[in-house]
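Student: Here you go, sequence then predicted model.
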Amino acid sequence: MKGKHLAPLALVGMGVKELRSAFWAVVAVLALASKLDWWTIWLGLIVVAIIVITVIAVAVRYWRFTYLVGDDGLTINSGLFEQKTQHIPYSRIQTVQRQQWFFMRPFRLESLTIETASHKDEEAEASLLAVPVAVGDQIEALRTGKQPTTAPAKDPEAAHTAELAEALQAITHPEDVAADPTYQINAHDLNLYALSSVGFVPIIVFLLALWQRLPDDAMTDAANALAHLAFLVVVALVIGALLLGLMVTYLSILQKFYHFTLTRSAQQLTTARGYFKRNTVSVRSAHVQAVRIKQSILRQWLHLATVQVLIASNAGQDEDDDELVLMPVLRDDAALTTMQPYIDWLPEEVPDVRRVPAGNRWLFIRNAVLIWAGILLAGGLAVGIFARTWLAPYLVLAAVILLFGFFQGRYVSRSAGVAIVSPDLLMLETGHYFTRERFLVRRANVQAVELAQSIWMKKPGRAHLTVNVRKGNSNEAIEVRYLDLKTASAVRDWFTREK
Amino acid sequence: MQEKLPAAIRKVWTISALLTIFWWLVAAAGLFAGHILWNWPLWLLAFPAALAVLQPIIMLSLVPYRYQFWRYRITDTAVYMQKGAIIQSEEAVPITRVQNVTLSSGPILRHFQLQEVNIETASTSHKIDGLTKPVAEKLRDQILLLAKEARDEG
């Protein structure tokens, strides 16, 4: 069977990339010409040649690129001189990502990105720049071993088969089909998510405090009122720029998670989001490496949390911290019960967490303060040598930062903890920069466990615990520091099942 | 934990510690070139010079402790490693998670007929610094066999 070409719209996508390098080549040639004062007819010819070569390269690439949706896998042929044939069996697919820009919608086209677990390089295994939506449907259907159910109205027979398949499924796995759980974000939640992502409130409070304090200090320093005015203008500009930046971030998050939906079919989780670019990612539930419930300190105050999954694919890129978002915002105390219909191995409620012993908490504070002190000392030396007049304000700043370090360490010490939920499930809690993360990991997805102790930690019986989980094309080392050795060893024994 | 590394690994570590002097000297030469070409301040040279002395001293003094502490063990279900000097760590890798075992040796290891063993999982990599060739090969075959059996059962 012969493969199909991409839709001609793909030429635009391929062209953009090539044109960029062509543009720089032209700029380089022109820069050289102006330097050598070398304006002849040849120059024009070179520029034309660059453009022609680019166009030909794009055309050849398009012409040589074909794909074939087979029964057991996707086959992609590409390349002119170095011809490449790639075969991706459906069973190996980790994620199918479908992206549809608004201008592709009228043509019923979309971009398909397919990733497997192989981590040879950062690029996706297959990237079909523009194909009819039906191709994506077909791949998804073949992958889950079901008939496509996207157009049941037009084809009653197919709908009937699908119904039969589902009924059969209901008999064999009643728990899977009980309902296809679906979630769609509402305007209020979306707004809440965007606002709490930006972290508006603390920044504004901080800026207001700054606004009230700084002019007074500056007044004493300023030689005249004009300098004072100039200073105010600068401050106003800075605040204006900050506000504009925040506004842009807020709006971009709004559009990114516009109409966010999460659905679960028998063995598959699918998220869809986006206004200008509709981004749909589907992953098999069995391929979820870990669930992460994340809260910034702001969200903690508001009792909100975000739920994400770690997967062996980069499909979550450009989402919150590059991980696939399952639930942008939900009440933190209901996080597990809300998510349970989607990921059935989640526990019903938060188990008892073994926290870092109270006697070890000061170590987090010590480390945070020491790290800041080291940085501040280096900066202080530089200020002392090169800008002596700034030493006093620098010291004030240093004191504030050290205080910040104290609270940072304190926050981390109170966030860290671990809980063995069941023989197959572990929960880990960590804190970084005023963000708390709770990981739920199945034993089967833990790759390795490491216990580390410095020689000074031996006598008091303290240990750092690191649990390694696959994430994207690399590793997520979940580290809980300064646990008591007994708890840390218990986790290791839980993992190795040896005493 | 039972198995120790072969005694020759101490010589390997000693040589690598001494080699750091060379790399710091290269860095110093680079800074000196910067001084001649672009008038970089000469005192910058103090950093690589100090490190060229400090790093090998620290590394050399830790060699016996490192050797004392290093252990590895292979059971039917997992590979265990215990390593470090000041910060000591224990790693546990179940055989079922092992994807790949690679043996490699640079010129220093080769001179002592040793091989480095890298045990890779889907996301992590665990290194045994050096084993004699027959032991390394036996270890690799043993791990891969156990991994295969475990996968077939699972």
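Tutor: Happy to help now that I have it.

Student: Please work out how many residues are found near B:Leu109.
Tutor: The number of residues packed near B:Leu109 is 21, by other C-beta atoms under 10 Å in any protein chain shown. No exception for glycine: its C-beta is placed from N, CA and C like everyone else's.

Student: cool, and A:Trp362?
Tutor: Neighbours around A:Trp362, by other C-beta under 10 Å: 13.

Student: what number of residues lie near the residue of the stretch 151-300 of chain A found nearest chain B?
Tutor: Using C-beta to the nearest C-beta, A:Gln289 is the residue of the stretch 151-300 of chain A that sits closest to chain B, at 8.7 Å. A total of 26 residues lie near A:Gln289 under the criterion other C-beta under 10 Å.

Student: cool, and the one 4 residues further on?
Tutor: Residues near A:Ile293, counting by other C-beta under 10 Å, number 24.

Student: try the one 10 residues further on
Tutor: Using other C-beta under 10 Å as the criterion, A:His303 is surrounded by 12 other residues.

Student: Next, the residue nearest to the spatial centre of chain B: secondary structure please.
Tutor: The residue lying closest to the centre of chain B (C-alpha atoms, centre = their mean) is B:Asp129, at 4.2 Å. Look at B:Asp129: counting by DSSP: H, G, I helix; E, B strand; the rest coil, its state is strand.

Student: got it, and A:Lys2?
Tutor: Per three-state DSSP, A:Lys2 ends up coil.

Student: all helices of chain A, in order?
Tutor: For chain A, applying DSSP state H gives helices covering A:10-36, A:41-64, A:133-144, A:156-172, A:174-177, A:187-198, A:200-221, A:225-256, A:297-301, A:335-339, A:361-386, A:391-415, A:455-458, A:485-496.

Student: Which of the ones you listed comes out lowest on mean pLDDT?
Tutor: Lowest mean pLDDT within the helices of chain A: helix A:174-177, a mean of 50.

Student: and stretch A:364-375, anywhere near chain B?
Tutor: No. Against chain B, stretch A:364-375 shows no contacts by C-beta under 8 Å from any C-beta of the partner chain, the least distance being 13.7 Å.

Student: what's near enough to touch the residue nearest to the centre of chain B?
Tutor: Counting by C-beta atoms under 8 Å, 6 or more residues apart in numbering or on different chains, B:Asp129 touches B:5, B:9, B:12-13, B:70, B:83, B:116.

Student: Are any of those residues buried, and if so which?
Tutor: Buried residues within those, counting neighbours by 16 or more other C-beta atoms under 10 Å in any protein chain shown: B:5, B:9, B:12-13, B:70, B:83, B:116.

Student: Which of the contacts of B:Asp129 fall within helices?
Tutor: B:9, B:12-13.

Student: so which of these comes closest to A:Leu363?
Tutor: B:Trp13 (30.2 Å; C-beta to C-beta).

Student: Check the gap between the closest residue to the closest one other than its chain neighbours and A:Phe231 for me.
Tutor: In this structure, B:Trp13 finds its nearest non-sequential neighbour in B:Val63, 4.9 Å apart by C-beta to C-beta, 6 or more residues apart in numbering or on different chains. The gap separating B:Val63 from A:Phe231 is 59 Å, by C-beta to C-beta, to the nearest Å.

Student: Equivalent analysis for A:Leu465, please.
Tutor: Taken as C-beta to C-beta, the span from A:Leu465 to A:Phe231 is 51 Å.

Student: Likewise for B:Thr75?
Tutor: Using C-beta to C-beta, B:Thr75 is found at 69 Å from A:Phe231.

Student: Who has more neighbours out of the two?
Tutor: A:Phe231 (16 against 12).

Student: Please name the bridge partners of A:Val418.
Tutor: Assessed by DSSP bridges, A:Val418 has beta-bridge partners A:Arg354, A:Leu428.

Student: Can you name the residues that contact the nearest residue to A:Glu110 once chain neighbours are set aside?
Tutor: Distances taken as C-beta to C-beta, 6+ apart place A:Gln100 nearest to A:Glu110, at 4.1 Å, with adjacent residues excluded. Going by C-beta under 8 Å, 6+ apart, A:Gln100 touches A:109-111, A:133, A:277-280.

Student: does any part of the helix or strand of chain B with the lowest mean pLDDT sit near chain A?
Tutor: Every helix and strand of chain B was ranked by mean pLDDT, DSSP states H and E. The lowest is helix B:133-153, at a mean of 82. No. Figure legend: helix B:133-153 not in contact with chain A (C-beta under 8 Å from any C-beta); closest approach 12.2 Å.

Student: Tell me which other helices or strands that helix touches.
Tutor: strand B:71-74, strand B:100-104, strand B:114-120, strand B:125-132 (3 or more C-beta pairs under 8 Å, 6 or more residues apart in numbering or on different chains; DSSP states H and E).

Student: Break the chain down into its structural domains.
Tutor: All of this refers to chain A. Domain segmentation of chain A under automatic domain parsing yields A:4-145, A:187-256, A:261-356+A:416-496, A:358-408.

Student: Chain B, not that one
Tutor: Taken from automatic domain parsing, chain B resolves into B:9-66, B:76-153.

Student: distance between the longest one and the chain's centre?
Tutor: In this case it means domain B:76-153. Taking C-alpha atoms, centre = their mean, to the nearest Å, one finds domain B:76-153 lying 12 Å from the centre of the chain it belongs to.

Student: Next step: the contacts of A:Gln100 restricted to strands.
Tutor: A:109-111, A:277-280 (DSSP state E).

Student: Which single residue of the stretch 201-350 of chain A ends up nearest chain B?
Tutor: As assessed by C-beta to the nearest C-beta, chain B sits closest to A:Ala312 within the stretch 201-350 of chain A, at 7.1 Å.

Student: Can you check the pLDDT for that residue?
Tutor: Reported pLDDT for A:Ala312: 83.

Student: Now for it, how many residues are close by?
Tutor: By the criterion of other C-beta under 10 Å, A:Ala312 has 25 neighbours.

Student: Which residue, neighbours along the chain excluded, lies closest to it?
Tutor: The spatially closest residue to A:Ala312, leaving aside those adjacent along the chain, is A:Ala117, at 4.4 Å (C-beta to C-beta, 6+ apart).

Student: Quick one: residues contacting the one you found.
Tutor: A:92, A:94, A:287, A:312-313, A:470, B:122.

Student: Near chain A, which residues of chain B? Just list them.
Tutor: Near chain A, when you scan chain B using C-beta under 8 Å from any C-beta, you find B:75, B:77-78, B:84, B:86-94, B:97, B:121-124, B:126.

Student: B:Met81 sits in which helix or strand?
Tutor: strand B:78-83 (DSSP states H and E).

Student: gap between the residue lying farthest from the centre of chain B and B:Pro48?
Tutor: Within chain B, the residue lying farthest from the chain centre (C-alpha atoms, centre = their mean) is B:Asn39, at 38.7 Å. Using C-beta to C-beta, B:Asn39 is found at 18 Å from B:Pro48.

Student: The most centrally placed residue in chain A: what's its closest spatial neighbour, skipping adjacent residues?
Tutor: With distances taken as C-alpha atoms, centre = their mean, the residue of chain A nearest its centroid is A:Asp322 (1.3 Å). Among residues not flanking A:Asp322 along the chain, A:Gly316 sits closest, at 5.9 Å (C-beta to C-beta, 6+ apart).
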